[in-house]
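**Q** how would this look folded up:
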Amino acid sequence: MVRPRRILIALLALALLAAGCSRGGGGETTVAGGGGGGSGDFGDLKGICNSAKASGAPAQGVTASEIKLGVFSDIGFTKNPEFVDAAKVFTSWCNDNGGVAGRKLSYTVHDAKLLEVRQRMVEACRDDFALVGGGAAFDGLGVKDRLNCLLPEFPAQVVSAANAGSDLQVGGGGTASQTDIYTGSHSWLFKEAYPDSAAAIGVITGDIPATKSMLSGYQESLPAEGATLVYGDLYPAAGVTDWTPYAQAIKSKGVKGLIFLGNYVDLPKLEDVLTGMDYHLDWIDANSNAYNAGFLKLLGNSATAQHNYADISGTAPLESDLPAIKQLKQLYAKYAPGSEPTYPAVRAFAAWALFAKSAASCGDALTRKCLYDAATKESAWTGGGLVAPQDYTTKAAVQKCFNVEMVTPQGWQPAPFKPDNGPYRCDMTPYVYKQDLGKPLTLADVGKSLNDVK
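**A** So this is what the prediction gives:
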(Lines give C-alpha, C1' and ligand atoms only; values in the text may rest on other atoms or scores of the structure.)
Protein backbone atom coordinates (compact mmCIF):
# COMPACT_ATOMS: atom_id res chain seq x y z
CA MET A 1 0.00 0.00 0.00
CA VAL A 2 1.23 3.51 -0.66
CA ARG A 3 0.97 6.65 1.42
CA PRO A 4 -1.15 8.46 -1.14
CA ARG A 5 -1.25 12.02 0.10
CA ARG A 6 2.29 12.64 -1.00
CA ILE A 7 1.72 11.60 -4.60
CA LEU A 8 -0.92 14.24 -5.28
CA ILE A 9 0.61 17.14 -3.39
CA ALA A 10 0.98 19.08 -6.65
CA LEU A 11 -2.74 18.93 -7.29
CA LEU A 12 -3.67 19.97 -3.78
CA ALA A 13 -1.28 22.90 -3.99
CA LEU A 14 -3.42 24.29 -6.79
CA ALA A 15 -0.35 24.77 -8.95
CA LEU A 16 -0.40 23.79 -12.60
CA LEU A 17 2.24 21.20 -13.36
CA ALA A 18 4.35 21.04 -16.46
CA ALA A 19 2.49 17.97 -17.61
CA GLY A 20 1.83 16.44 -20.98
CA CYS A 21 -1.16 17.23 -23.14
CA SER A 22 -4.45 15.47 -22.56
CA ARG A 23 -5.00 12.20 -24.34
CA GLY A 24 -8.55 11.01 -23.73
CA GLY A 25 -11.57 13.00 -22.65
CA GLY A 26 -13.71 13.00 -19.56
CA GLY A 27 -17.13 11.47 -19.83
CA GLU A 28 -16.56 9.56 -23.06
CA THR A 29 -16.64 5.78 -22.95
CA THR A 30 -13.70 4.11 -24.65
CA VAL A 31 -13.49 0.51 -25.80
CA ALA A 32 -9.84 -0.10 -26.53
CA GLY A 33 -8.07 -2.77 -28.51
CA GLY A 34 -9.62 -4.96 -31.09
CA GLY A 35 -6.69 -6.38 -32.99
CA GLY A 36 -3.53 -8.31 -32.39
CA GLY A 37 -3.77 -11.15 -29.95
CA GLY A 38 -1.06 -12.96 -28.01
CA SER A 39 -0.60 -13.82 -24.37
CA GLY A 40 -2.85 -12.56 -21.60
CA ASP A 41 -0.01 -12.95 -19.09
CA PHE A 42 1.45 -9.93 -17.34
CA GLY A 43 4.65 -10.35 -15.37
CA ASP A 44 4.17 -13.47 -13.28
CA LEU A 45 0.37 -13.30 -13.59
CA LYS A 46 -0.92 -15.95 -15.94
CA GLY A 47 -3.94 -15.52 -18.19
CA ILE A 48 -5.56 -12.59 -16.40
CA CYS A 49 -6.98 -11.63 -19.79
CA ASN A 50 -8.47 -14.39 -21.92
CA SER A 51 -11.24 -15.15 -24.39
CA ALA A 52 -13.40 -17.46 -22.28
CA LYS A 53 -17.06 -17.46 -23.32
CA ALA A 54 -19.33 -15.22 -21.23
CA SER A 55 -23.10 -14.81 -21.23
CA GLY A 56 -25.72 -12.89 -19.32
CA ALA A 57 -25.70 -9.53 -17.57
CA PRO A 58 -25.23 -10.31 -13.86
CA ALA A 59 -24.54 -6.75 -12.65
CA GLN A 60 -24.75 -3.07 -13.55
CA GLY A 61 -22.19 -2.32 -16.24
CA VAL A 62 -21.72 -5.99 -17.14
CA THR A 63 -23.12 -7.61 -20.27
CA ALA A 64 -22.22 -10.77 -22.14
CA SER A 65 -19.71 -8.80 -24.18
CA GLU A 66 -18.58 -5.81 -22.09
CA ILE A 67 -17.59 -4.52 -18.65
CA LYS A 68 -18.05 -0.77 -18.11
CA LEU A 69 -15.54 0.78 -15.74
CA GLY A 70 -14.70 4.26 -14.48
CA VAL A 71 -11.36 6.03 -14.17
CA PHE A 72 -11.12 9.12 -11.94
CA SER A 73 -8.69 11.86 -12.89
CA ASP A 74 -8.14 15.61 -12.56
CA ILE A 75 -6.90 15.77 -16.14
CA GLY A 76 -9.03 18.80 -16.98
CA PHE A 77 -7.11 20.75 -14.33
CA THR A 78 -3.65 19.20 -14.40
CA LYS A 79 -3.49 18.28 -18.11
CA ASN A 80 -1.70 15.18 -16.82
CA PRO A 81 -2.85 12.07 -18.72
CA GLU A 82 -1.06 9.37 -16.73
CA PHE A 83 -4.21 7.62 -15.43
CA VAL A 84 -5.88 7.92 -18.83
CA ASP A 85 -2.78 6.49 -20.51
CA ALA A 86 -2.65 3.59 -18.05
CA ALA A 87 -6.33 2.81 -18.73
CA LYS A 88 -5.76 2.95 -22.48
CA VAL A 89 -2.71 0.72 -22.39
CA PHE A 90 -4.14 -1.92 -20.05
CA THR A 91 -7.56 -2.18 -21.67
CA SER A 92 -6.09 -2.22 -25.20
CA TRP A 93 -3.72 -5.02 -24.28
CA CYS A 94 -6.35 -6.94 -22.33
CA ASN A 95 -8.98 -6.64 -25.06
CA ASP A 96 -6.46 -7.77 -27.68
CA ASN A 97 -6.07 -10.91 -25.57
CA GLY A 98 -9.78 -11.67 -25.26
CA GLY A 99 -10.82 -9.29 -22.49
CA VAL A 100 -11.66 -10.45 -18.98
CA ALA A 101 -13.11 -13.93 -19.29
CA GLY A 102 -14.34 -13.01 -22.77
CA ARG A 103 -15.82 -9.63 -21.91
CA LYS A 104 -14.18 -6.56 -23.45
CA LEU A 105 -13.25 -3.71 -21.11
CA SER A 106 -14.54 -0.19 -21.71
CA TYR A 107 -13.84 2.81 -19.53
CA THR A 108 -15.16 6.29 -18.92
CA VAL A 109 -12.75 8.96 -17.71
CA HIS A 110 -14.46 10.84 -14.88
CA ASP A 111 -12.64 14.16 -15.02
CA ALA A 112 -13.15 15.74 -11.61
CA LYS A 113 -11.27 18.90 -12.70
CA LEU A 114 -10.14 19.14 -9.07
CA LEU A 115 -13.48 20.24 -7.55
CA GLU A 116 -16.16 18.20 -9.39
CA VAL A 117 -15.61 14.91 -7.57
CA ARG A 118 -19.20 14.48 -6.39
CA GLN A 119 -20.69 15.23 -9.82
CA ARG A 120 -18.45 12.63 -11.43
CA MET A 121 -19.15 10.09 -8.69
CA VAL A 122 -22.89 10.41 -9.28
CA GLU A 123 -22.24 9.57 -12.95
CA ALA A 124 -20.04 6.63 -11.99
CA CYS A 125 -22.72 5.32 -9.63
CA ARG A 126 -25.22 5.47 -12.48
CA ASP A 127 -23.17 3.64 -15.12
CA ASP A 128 -20.07 1.80 -13.88
CA PHE A 129 -19.46 -1.68 -12.57
CA ALA A 130 -16.37 -0.54 -10.66
CA LEU A 131 -13.74 2.21 -10.50
CA VAL A 132 -10.21 1.22 -11.52
CA GLY A 133 -6.77 2.78 -11.74
CA GLY A 134 -7.51 6.42 -10.97
CA GLY A 135 -7.32 9.13 -8.36
CA ALA A 136 -8.45 12.67 -7.63
CA ALA A 137 -6.97 15.35 -5.38
CA PHE A 138 -10.17 15.91 -3.42
CA ASP A 139 -11.27 12.28 -3.49
CA GLY A 140 -12.80 12.54 -0.02
CA LEU A 141 -15.72 14.49 -1.49
CA GLY A 142 -17.04 11.42 -3.29
CA VAL A 143 -16.63 8.63 -0.76
CA LYS A 144 -20.12 8.79 0.76
CA ASP A 145 -21.72 8.71 -2.69
CA ARG A 146 -19.56 5.75 -3.73
CA LEU A 147 -20.38 3.78 -0.62
CA ASN A 148 -24.06 4.65 -0.85
CA CYS A 149 -24.25 3.16 -4.36
CA LEU A 150 -22.01 0.20 -3.32
CA LEU A 151 -19.39 0.89 -6.00
CA PRO A 152 -16.11 -1.04 -5.60
CA GLU A 153 -12.88 0.86 -6.15
CA PHE A 154 -9.38 -0.26 -7.18
CA PRO A 155 -7.58 3.10 -7.06
CA ALA A 156 -4.08 3.92 -8.20
CA GLN A 157 -3.81 6.32 -5.28
CA VAL A 158 -5.93 7.94 -2.63
CA VAL A 159 -5.44 11.27 -0.89
CA SER A 160 -7.85 12.08 1.93
CA ALA A 161 -8.10 10.33 5.28
CA ALA A 162 -11.80 9.77 4.52
CA ASN A 163 -10.89 7.74 1.45
CA ALA A 164 -7.67 5.97 2.43
CA GLY A 165 -8.82 2.48 3.37
CA SER A 166 -12.51 3.24 3.00
CA ASP A 167 -14.90 0.33 2.52
CA LEU A 168 -15.26 -1.45 -0.85
CA GLN A 169 -11.79 -0.18 -1.72
CA VAL A 170 -8.91 -2.54 -2.47
CA GLY A 171 -5.40 -1.09 -2.68
CA GLY A 172 -4.37 2.50 -3.13
CA GLY A 173 -3.56 3.37 0.45
CA GLY A 174 -5.08 1.07 3.03
CA THR A 175 -4.37 2.30 6.56
CA ALA A 176 -1.93 4.97 5.39
CA SER A 177 -3.68 7.76 7.27
CA GLN A 178 -3.24 5.91 10.58
CA THR A 179 0.45 5.00 10.21
CA ASP A 180 3.70 6.64 9.19
CA ILE A 181 4.71 4.27 6.43
CA TYR A 182 7.83 6.33 5.79
CA THR A 183 9.20 5.03 9.08
CA GLY A 184 11.56 2.73 7.16
CA SER A 185 13.11 5.22 4.78
CA HIS A 186 13.42 8.01 7.33
CA SER A 187 14.99 5.67 9.90
CA TRP A 188 17.45 4.51 7.26
CA LEU A 189 18.35 8.11 6.42
CA PHE A 190 18.90 9.40 9.95
CA LYS A 191 20.07 6.22 11.66
CA GLU A 192 22.13 4.42 9.01
CA ALA A 193 23.01 6.64 6.05
CA TYR A 194 23.51 9.93 7.94
CA PRO A 195 23.41 9.26 11.69
CA ASP A 196 24.58 12.78 12.57
CA SER A 197 21.41 14.17 10.99
CA ALA A 198 19.12 12.60 13.60
CA ALA A 199 19.66 15.58 15.91
CA ALA A 200 18.60 18.17 13.33
CA ILE A 201 15.59 17.27 11.19
CA GLY A 202 13.41 19.86 9.47
CA VAL A 203 10.03 19.66 7.76
CA ILE A 204 8.62 22.23 5.33
CA THR A 205 5.18 21.83 3.82
CA GLY A 206 2.64 23.59 1.68
CA ASP A 207 -0.01 25.39 3.72
CA ILE A 208 -2.92 23.09 2.92
CA PRO A 209 -4.88 20.66 5.14
CA ALA A 210 -3.47 17.38 3.78
CA THR A 211 0.19 18.30 4.18
CA LYS A 212 -0.37 20.19 7.42
CA SER A 213 -1.82 16.94 8.73
CA MET A 214 1.34 15.12 7.65
CA LEU A 215 3.46 17.73 9.45
CA SER A 216 1.42 17.10 12.60
CA GLY A 217 2.01 13.39 12.16
CA TYR A 218 5.76 13.82 11.75
CA GLN A 219 5.90 15.98 14.87
CA GLU A 220 4.71 12.86 16.70
CA SER A 221 6.37 10.03 14.80
CA LEU A 222 9.88 11.33 14.16
CA PRO A 223 10.76 11.97 17.83
CA ALA A 224 9.31 8.56 18.70
CA GLU A 225 11.61 7.05 16.08
CA GLY A 226 14.69 8.76 17.51
CA ALA A 227 14.94 12.06 15.62
CA THR A 228 14.91 15.64 16.89
CA LEU A 229 12.83 18.16 14.99
CA VAL A 230 14.52 21.55 14.99
CA TYR A 231 12.54 23.23 12.20
CA GLY A 232 8.97 23.10 10.93
CA ASP A 233 7.44 25.61 8.58
CA LEU A 234 4.62 26.21 6.11
CA TYR A 235 4.86 27.93 2.76
CA PRO A 236 2.03 29.35 0.61
CA ALA A 237 0.63 26.57 -1.54
CA ALA A 238 0.21 28.90 -4.49
CA GLY A 239 3.97 29.41 -4.60
CA VAL A 240 6.79 31.51 -3.19
CA THR A 241 8.41 34.50 -4.90
CA ASP A 242 11.61 34.40 -2.85
CA TRP A 243 12.80 31.28 -1.05
CA THR A 244 15.64 33.11 0.69
CA PRO A 245 13.88 33.51 4.09
CA TYR A 246 13.12 29.79 4.19
CA ALA A 247 16.68 28.86 3.25
CA GLN A 248 18.06 31.23 5.87
CA ALA A 249 15.80 29.69 8.52
CA ILE A 250 16.93 26.19 7.56
CA LYS A 251 20.57 27.26 7.81
CA SER A 252 20.12 29.14 11.09
CA LYS A 253 18.48 26.10 12.68
CA GLY A 254 21.32 23.89 11.50
CA VAL A 255 18.99 21.49 9.70
CA LYS A 256 20.82 18.43 8.38
CA GLY A 257 17.92 16.36 7.07
CA LEU A 258 14.95 18.06 5.38
CA ILE A 259 11.54 16.56 4.57
CA PHE A 260 9.80 18.52 1.84
CA LEU A 261 6.03 18.14 1.37
CA GLY A 262 4.96 20.17 -1.62
CA ASN A 263 4.87 20.64 -5.35
CA TYR A 264 8.05 19.20 -6.84
CA VAL A 265 8.57 22.31 -8.99
CA ASP A 266 9.05 24.37 -5.81
CA LEU A 267 11.78 22.30 -4.20
CA PRO A 268 14.51 23.04 -6.79
CA LYS A 269 13.93 26.76 -6.18
CA LEU A 270 14.57 26.27 -2.46
CA GLU A 271 17.59 24.07 -3.16
CA ASP A 272 19.00 26.64 -5.56
CA VAL A 273 19.01 29.25 -2.78
CA LEU A 274 20.56 26.81 -0.29
CA THR A 275 23.25 25.85 -2.77
CA GLY A 276 23.93 29.50 -3.53
CA MET A 277 24.41 30.07 0.21
CA ASP A 278 26.91 27.17 0.22
CA TYR A 279 24.66 25.30 2.66
CA HIS A 280 24.57 21.58 1.96
CA LEU A 281 22.13 19.32 3.75
CA ASP A 282 23.00 15.72 4.52
CA TRP A 283 19.78 14.66 2.84
CA ILE A 284 16.51 15.95 1.42
CA ASP A 285 13.39 13.79 1.25
CA ALA A 286 12.00 15.22 -1.99
CA ASN A 287 8.97 12.86 -1.74
CA SER A 288 7.73 10.51 -4.43
CA ASN A 289 6.01 13.36 -6.25
CA ALA A 290 9.52 14.36 -7.39
CA TYR A 291 10.33 10.91 -8.79
CA ASN A 292 10.20 12.01 -12.42
CA ALA A 293 12.40 13.43 -15.15
CA GLY A 294 10.92 16.91 -14.80
CA PHE A 295 12.32 17.30 -11.29
CA LEU A 296 15.78 16.31 -12.46
CA LYS A 297 15.73 18.97 -15.18
CA LEU A 298 14.79 21.66 -12.66
CA LEU A 299 17.49 20.80 -10.11
CA GLY A 300 20.43 22.29 -12.01
CA ASN A 301 23.60 22.48 -9.88
CA SER A 302 21.70 21.18 -6.85
CA ALA A 303 21.54 17.74 -8.48
CA THR A 304 25.12 17.24 -7.28
CA ALA A 305 25.35 19.88 -4.53
CA GLN A 306 22.46 18.43 -2.51
CA HIS A 307 21.42 14.84 -1.75
CA ASN A 308 17.86 14.18 -2.91
CA TYR A 309 15.97 11.01 -2.01
CA ALA A 310 12.45 9.70 -2.58
CA ASP A 311 10.66 6.80 -0.88
CA ILE A 312 8.58 5.17 -3.62
CA SER A 313 6.70 2.96 -1.20
CA GLY A 314 7.37 -0.52 -2.45
CA THR A 315 6.94 0.24 -6.16
CA ALA A 316 9.22 -1.24 -8.83
CA PRO A 317 11.69 1.44 -9.98
CA LEU A 318 11.02 2.75 -13.46
CA GLU A 319 14.69 2.55 -14.40
CA SER A 320 14.98 -1.10 -13.35
CA ASP A 321 15.25 -4.12 -15.64
CA LEU A 322 12.60 -6.07 -13.74
CA PRO A 323 10.52 -8.21 -16.16
CA ALA A 324 7.23 -6.48 -15.26
CA ILE A 325 8.72 -3.01 -15.84
CA LYS A 326 10.22 -4.10 -19.15
CA GLN A 327 6.87 -5.53 -20.27
CA LEU A 328 5.04 -2.41 -19.12
CA LYS A 329 7.33 -0.21 -21.23
CA GLN A 330 6.78 -2.48 -24.22
CA LEU A 331 3.01 -2.18 -23.84
CA TYR A 332 3.26 1.62 -23.63
CA ALA A 333 5.38 1.67 -26.78
CA LYS A 334 2.69 -0.34 -28.58
CA TYR A 335 -0.54 1.14 -27.25
CA ALA A 336 0.46 4.69 -26.20
CA PRO A 337 3.43 5.62 -28.40
CA GLY A 338 4.99 8.85 -27.28
CA SER A 339 3.98 8.29 -23.65
CA GLU A 340 6.12 6.86 -20.88
CA PRO A 341 4.91 5.09 -17.74
CA THR A 342 5.23 7.20 -14.59
CA TYR A 343 5.32 6.26 -10.93
CA PRO A 344 1.54 6.80 -10.47
CA ALA A 345 0.95 4.94 -13.75
CA VAL A 346 2.79 1.89 -12.39
CA ARG A 347 0.44 1.95 -9.41
CA ALA A 348 -2.51 2.34 -11.78
CA PHE A 349 -1.44 -0.62 -13.91
CA ALA A 350 -1.11 -2.79 -10.81
CA ALA A 351 -4.67 -1.78 -9.87
CA TRP A 352 -5.93 -2.74 -13.33
CA ALA A 353 -4.20 -6.11 -13.05
CA LEU A 354 -5.82 -6.72 -9.65
CA PHE A 355 -9.23 -5.92 -11.08
CA ALA A 356 -8.68 -8.19 -14.09
CA LYS A 357 -7.48 -11.17 -12.07
CA SER A 358 -10.28 -10.80 -9.54
CA ALA A 359 -12.98 -10.35 -12.20
CA ALA A 360 -11.67 -13.23 -14.30
CA SER A 361 -11.91 -15.56 -11.30
CA CYS A 362 -15.65 -14.86 -11.17
CA GLY A 363 -16.10 -16.21 -14.68
CA ASP A 364 -19.57 -15.84 -16.14
CA ALA A 365 -21.17 -14.81 -12.81
CA LEU A 366 -19.34 -11.50 -12.46
CA THR A 367 -20.94 -9.50 -9.65
CA ARG A 368 -19.60 -6.77 -7.38
CA LYS A 369 -19.67 -9.13 -4.42
CA CYS A 370 -17.69 -11.79 -6.26
CA LEU A 371 -15.22 -9.17 -7.50
CA TYR A 372 -14.63 -7.69 -4.04
CA ASP A 373 -14.44 -11.08 -2.33
CA ALA A 374 -11.87 -12.29 -4.87
CA ALA A 375 -9.68 -9.19 -4.53
CA THR A 376 -9.68 -9.36 -0.75
CA LYS A 377 -8.37 -12.93 -0.86
CA GLU A 378 -5.01 -11.64 -2.14
CA SER A 379 -2.51 -11.94 0.71
CA ALA A 380 0.71 -11.16 -1.19
CA TRP A 381 -0.33 -9.10 -4.23
CA THR A 382 2.52 -7.82 -6.41
CA GLY A 383 0.73 -6.76 -9.58
CA GLY A 384 2.77 -9.25 -11.57
CA GLY A 385 5.97 -7.75 -10.19
CA LEU A 386 5.14 -4.03 -10.15
CA VAL A 387 4.82 -3.59 -6.37
CA ALA A 388 6.12 -5.16 -3.18
CA PRO A 389 3.88 -7.87 -1.66
CA GLN A 390 0.68 -6.39 -0.26
CA ASP A 391 -1.90 -8.11 1.93
CA TYR A 392 -5.51 -7.23 1.07
CA THR A 393 -7.12 -9.87 3.27
CA THR A 394 -7.49 -7.49 6.21
CA LYS A 395 -7.79 -3.76 6.72
CA ALA A 396 -5.34 -4.12 9.61
CA ALA A 397 -2.45 -5.21 7.38
CA VAL A 398 0.54 -2.87 7.52
CA GLN A 399 3.16 -2.23 4.89
CA LYS A 400 6.50 -3.81 5.70
CA CYS A 401 8.41 -3.07 2.50
CA PHE A 402 9.94 0.15 1.24
CA ASN A 403 12.47 1.28 -1.31
CA VAL A 404 14.35 4.51 -1.75
CA GLU A 405 15.51 6.29 -4.90
CA MET A 406 18.28 8.89 -5.05
CA VAL A 407 19.31 11.53 -7.56
CA THR A 408 22.61 10.70 -9.27
CA PRO A 409 24.44 12.06 -12.34
CA GLN A 410 22.73 9.20 -14.22
CA GLY A 411 19.29 10.27 -12.99
CA TRP A 412 17.11 8.55 -10.41
CA GLN A 413 18.72 5.32 -9.17
CA PRO A 414 18.14 3.00 -6.17
CA ALA A 415 19.79 4.28 -2.99
CA PRO A 416 21.99 1.90 -0.90
CA PHE A 417 19.20 1.22 1.60
CA LYS A 418 20.08 -2.49 1.99
CA PRO A 419 17.21 -4.23 0.16
CA ASP A 420 16.50 -7.77 1.35
CA ASN A 421 13.64 -8.79 -0.97
CA GLY A 422 14.49 -8.05 -4.59
CA PRO A 423 14.40 -4.25 -4.97
CA TYR A 424 12.71 -3.80 -1.57
CA ARG A 425 13.60 -3.82 2.09
CA CYS A 426 10.89 -5.54 4.11
CA ASP A 427 11.84 -5.12 7.76
CA MET A 428 9.78 -2.00 8.46
CA THR A 429 7.30 -1.60 11.30
CA PRO A 430 5.36 1.59 10.53
CA TYR A 431 4.78 3.95 13.43
CA VAL A 432 1.12 4.00 14.49
CA TYR A 433 -0.12 7.49 15.27
CA LYS A 434 -1.63 8.12 18.67
CA GLN A 435 -3.33 11.33 17.52
CA ASP A 436 -6.44 11.32 15.36
CA LEU A 437 -5.46 12.29 11.80
CA GLY A 438 -8.80 11.26 10.37
CA LYS A 439 -10.52 7.96 9.70
CA PRO A 440 -11.72 6.28 6.51
CA LEU A 441 -15.45 6.16 5.86
CA THR A 442 -17.28 2.86 6.16
CA LEU A 443 -20.48 1.38 4.80
CA ALA A 444 -21.94 1.82 8.27
CA ASP A 445 -21.46 5.57 7.92
CA VAL A 446 -24.05 5.53 5.12
CA GLY A 447 -26.33 3.01 6.79
CA LYS A 448 -25.19 -0.03 4.79
CA SER A 449 -23.09 -3.17 5.22
CA LEU A 450 -21.28 -5.74 3.10
CA ASN A 451 -24.49 -7.76 3.11
CA ASP A 452 -25.96 -5.11 0.80
CA VAL A 453 -23.30 -5.73 -1.86
CA LYS A 454 -24.67 -8.02 -4.53
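
**Q** could you measure from residue 255 over to residue 289?
**A** Taking CB to CB, to the nearest Å as the measure, residue 255 falls 20 Å from residue 289. Where C-beta positions appear, they are placed from N, C-alpha and C, glycine not excepted.

**Q** what separation do you get for the closest residue to residue 409 other than its chain neighbours and residue 339?
**A** Of all residues not flanking residue 409 in the chain, residue 304 sits nearest, at 6.8 Å (CB to CB, 6 or more residues apart in numbering). Computed as CB to CB, the residue 304 to residue 339 distance reads 30 Å.

**Q** between these two, which is the more surrounded one?
**A** The neighbour count for residue 304 versus residue 339, taken as other CB atoms under 10 Å, is higher for residue 339 (19 against 12).

**Q** and the residue lying closest to the more buried one once chain neighbours are set aside, how many neighbours does it have?
**A** Spatially, and ignoring its direct neighbours in sequence, residue 339 is nearest to residue 85 (4.9 Å; CB to CB, 6+ apart). Residues contacting residue 85 under the criterion other CB under 10 Å number 24.

**Q** if we can go back for a sec, for the residue nearest to residue 409, phi and psi?
**A** Main-chain dihedrals, residue 304, degrees, to the nearest 10: phi -110, psi -30.

**Q** per-residue confidence at it?
**A** As predicted, residue 304 sits at a pLDDT of 95.

**Q** measure it to residue 287 for me?
**A** 20 Å.

**Q** same question, residue 62
**A** Residue 62 is 39 Å from residue 287, by CB to CB.

**Q** repeat for residue 415
**A** 14 Å.

**Q** who's more crowded, these two?
**A** Neighbours were tallied for residue 415 and for residue 287 using other CB under 10 Å; the higher tally belongs to residue 287 (26 against 22).

**Q** buried residues in stretch 391-400, which are they?
**A** 391-392, 398-400 (16 or more other CB atoms under 10 Å).

**Q** how far does the host helix or strand of residue 205 sit from the chain's center?
**A** Assigned by DSSP states H and E, residue 205 belongs to strand 201-206. A distance of 21 Å separates the centroid of the chain from that of strand 201-206, by CA atoms, centre = their mean, to the nearest Å.

**Q** for stretch 384-397, same thing?
**A** 14 Å.

**Q** what does stretch 146-156 give?
**A** With CA atoms, centre = their mean as the basis, stretch 146-156 stands 17 Å off its chain's centre.

**Q** first-to-last residue distance for it?
**A** 16 Å (CA to CA, to the nearest Å).

**Q** what residues sit buried inside it?
**A** Buried, per 16+ other CB under 10 Å, within stretch 146-156: 146-147, 149-156.

**Q** so what does the biggest helix by length in the chain touch, helix or strand wise?
**A** Across the chain, the longest stretch assigned as helix under DSSP state H is helix 343-362. Applying 3 or more CB pairs under 8 Å, 6 or more residues apart in numbering; DSSP states H and E, we find helix 343-362 packed against helix 82-96, strand 130-132, strand 153-154, helix 323-335, helix 368-375.

**Q** okay, the angle between that helix and helix 82-96?
**A** Orientation of helix 343-362 against helix 82-96 (axes from the mean of the first three to the mean of the last three CA atoms, to 10 degrees) gives an angle of 30 degrees.

**Q** tell me the angle helix 343-362 makes with helix 323-335.
**A** Angle, helix 343-362 to helix 323-335, by the same axes, to 10 degrees: 90 degrees.

**Q** flag every buried residue along helix 343-362.
**A** For helix 343-362, burial by neighbour count (16+ other CB under 10 Å) applies to 343-362.

**Q** swap in stretch 64-79?
**A** Neighbour counts using 16+ other CB under 10 Å place 66-75, 77-78 of stretch 64-79 among the buried residues.
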